[in-house]
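Peer 1: just to be clear, the model below is a prediction. Sequence and coordinates:
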Amino acid sequence: MSKYRCAMPLPPLLLTRPLAAQVVLAVVLPIAYGLLTGWTLGHSAAVYAVLSVLGILGGLGAGFDHLGADQGFVRGICGGLLFGASILAAHGLTGTQAKASLPHPHVVLVVITVVLGALLGAIGGGLRARTEARRAAIAPAL
């Protein structure tokens, strides 16, 4: 008996979801989360740090929505750009003093979120491809 027989089904790939779900997952979610993270920047350094790390790690999950490192890489670039830019936009709109230090110039934050998002997205996409391949290889044995 295969160890994958009882494995949970994989989430659907982003491109197989309805268009509205694609827009929410790939555009609205990183912007909304970036806005929340940017708002916390003016209120709590600790909360900002936690939300930033979780947001960047979200690139791994976003990449897993794609079949292959190349697709995950592109999703990570887009998500990292939206997330990082939204952090700066929210912080700028609130007009509060940052409780955590930001790189100078601030646009470097966006570069960091794009690079980390791309790398983690590629890892996530690669993991998805490897998981799919393993399941396909085992499926005939069931």
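Peer 2: Looks like it arrived, so ask away.
Peer 1: and residue 52, what is it in contact with?
Peer 2: Residues counted as contacts of residue 52 (Cβ atoms under 8 Å, 6 or more residues apart in numbering) are 37, 87. Placement of C-beta: from N, CA and C, glycine included.
Peer 1: SS state for it?
Peer 2: Secondary structure for residue 52, judged by DSSP: H, G, I helix; E, B strand; the rest coil, is helix.
Peer 1: let me see the confidence value for it.
Peer 2: Confidence at residue 52, expressed as pLDDT, is 93.
Peer 1: ditto for the one 5 residues further on
Peer 2: At residue 57, the pLDDT value in this model is 86.
Peer 1: for residue 43, see how far away it is.
Peer 2: Distance of residue 57 to residue 43, given as Cβ to Cβ, to the nearest Å: 22 Å.
Peer 1: again with residue 104
Peer 2: Distance from residue 104 to residue 43, counting by Cβ to Cβ: 21 Å.
Peer 1: quick one, which of those two is more surrounded?
Peer 2: Neighbour count, other Cβ atoms under 10 Å: between residue 104 and residue 43, residue 43 has more, with 13 against 8.
Peer 1: no further questions, thank you.
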